[in-house]
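Prediction below, plus the sequence it came from.
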Amino acid sequence: MTSLELRRVRFDLDGDIPFIWNPQNPTFSVLTNAVSIIAIAFEKLIVAATREAIPLITDPEAKSEAEAFLRQEAQHANAHRQHIRALARRYPGLEQTLADAVRCFDRLTGTAPLDFRLAYAANLEATFTPYFKLLLDNEATLFAPGDERVASLFLWHFVEEVEHRSSALIVYDALIHNRVHRVRALPAILKHMNQALVIVVDGFNKHVPEADRIIDAHRALPALTPSALRRPRPAPPALAHLSNRQKSVAMLRILESQTPWHNPTDQPLPRFADRWFRRYNDGADIAHWYSAAAASR
């Protein structure tokens, strides 16, 4: 049986939510806002593909994992919808950006075979543990200085991604007994993800005034949009202050995650995740991570 837990958290996103939620790091703010939109669209694809796969899975443990994975991903999408809805109260055009991104993934759901969509989920999810470990290992500089309502949402999401790090690959392996096929799908996956991210950064630049977003959204993700390389005033990298060693190790592990022999279970995990789970189990207010921690001292 799966060990994944469904945690229903009510995040405090009813008030005014700034687009640059971490003023000390505008690039990271833009990057994570993009994650919110992509999460909604991508996790809709995951939920649809996993629902389609579950009746075909014969192994009871894999089926149990798939069902729990589906529930967690649906929770993530719902929470990020709250975030984008909050931003859209000030920037209504972001609702159209979200709709365009969702449509980009819906087209894939409607046209691509199940094996490709499961490979998409398995490949992308495999990158999350090394990347989110890098972020969570530096939680004090990336999240703590920002609006804790938004920071708390991303901390919750990222630790749960670490928790279900093996789920997408378990679902894939239960139906598609070909790890090489998963690797061969990677170029098409990257091409599609690039298309979705261009939609998002175009939408940010169109609908959020420069005075509020501070940087050109294309410059926050230059590797994804070749036209951004020709733009002036490059944005400071979101992770510029992290050590080169940390970033190199994370990149190596991300590359390894795309190999046929990758096993997410064996990945090094962020210590922060253990702290987060302990505090959640103790009944702490994890929707206000930093103020709740200060009050408990």
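Everything's here; your move.

Which of the residues in stretch 104-122 are classified as buried?
For stretch 104-122, the neighbour count (16 or more other CB atoms under 10 Å) marks 104-105, 108-109, 112, 115-122 as buried. To be clear about C-beta, it is placed using only N, CA and C from the backbone, and glycine gets the same treatment.

Check stretch 195-210 too.
For stretch 195-210, a neighbour-count test (16+ other CB under 10 Å) marks Ala196, Leu197, Val198, Ile199, Val200, Val201, Gly203, Phe204, Asn205, His207, Val208 as buried.

surely the first one meets Phe105?
Yes: with contact defined as CB atoms under 8 Å, Ala196 and Phe105 form a contacting pair (6.7 Å).

which residues are in contact with both of the two?
Ala41, Phe42 (CB atoms under 8 Å, 6 or more residues apart in numbering).

pLDDT on the longest helix along the chain, on average?
In the chain, with assignment by DSSP state H, the single longest helix is helix 60-90. For helix 60-90, mean pLDDT rounds to 94.

Helix or strand: which one has Lys133?
In the assignment (DSSP states H and E), Lys133 maps to helix 114-136.

I'd like to know which elements that helix is packed against.
Applying 3 or more CB pairs under 8 Å, 6 or more residues apart in numbering; DSSP states H and E, one finds that helix 114-136 contacts helix 26-53, helix 94-111, helix 148-163, helix 167-175, helix 179-184, helix 186-207, helix 244-256.

Using CSV, please lay out those helices together with distance to Asp285 and mean pLDDT.
Below are the helices and strands packed on helix 114-136 laid out as CSV (distance: least, CB to CB, whole Å; pLDDT from 0 to 100):
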stretch, distance to Asp285, mean pLDDT
helix 26-53, 21, 96
helix 94-111, 28, 97
helix 148-163, 9, 96
helix 167-175, 27, 95
helix 179-184, 40, 91
helix 186-207, 30, 94
helix 244-256, 30, 94
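
Which one of these lies nearest to His288?
Counting by CB to CB, His288 lies closest to helix 148-163 out of the helices and strands packed on helix 114-136; the figure is 6.0 Å.

ok, back up a step: the longest helix of the chain versus helix 186-207: what angle between them?
Counting by axes from the mean of the first three to the mean of the last three CA atoms, to 10 degrees, helix 60-90 lies at 20 degrees to helix 186-207.

Tell me how far helix 60-90 lies from the chain's centre.
Its chain's average C-alpha position is 11 Å from that of helix 60-90, according to CA atoms, centre = their mean, to the nearest Å.

Which residues are in contact with the residue lying closest to Tyr290 once chain neighbours are set aside?
Leaving aside its sequence neighbours, Tyr290 sits nearest to Glu148 (CB to CB, 6 or more residues apart in numbering; 4.7 Å). Counting by CB under 8 Å, 6+ apart, Glu148 touches His288, Trp289, Tyr290, Ser291.

and if you look at Glu256?
Neighbour list for Glu256: His262 [criterion: CB under 8 Å, 6+ apart].

One more: the one 3 residues further on?
Counting by CB under 8 Å, 6+ apart, Thr259 touches Val183.

just His207 next, same as before
Contact analysis of His207 by CB under 8 Å, 6+ apart lists Tyr91, Pro92, Gly93, Leu94, Gln96, Thr97.

which of the residues you listed count as buried?
Applying 16+ other CB under 10 Å to the contacts of His207 flags Tyr91, Leu94, Thr97 as buried.

still on that earlier bit, can the buried residues of stretch 104-122 go into a markdown table with extra columns for distance to Leu134?
Formatted as a markdown table, those follow (distance: CB to CB, whole Å):
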| residue | distance to Leu134 |
| --- | --- |
| Cys104 | 27 |
| Phe105 | 25 |
| Leu108 | 28 |
| Thr109 | 30 |
| Ala112 | 30 |
| Asp115 | 30 |
| Phe116 | 28 |
| Arg117 | 27 |
| Leu118 | 26 |
| Ala119 | 24 |
| Tyr120 | 22 |
| Ala121 | 21 |
| Ala122 | 20 |
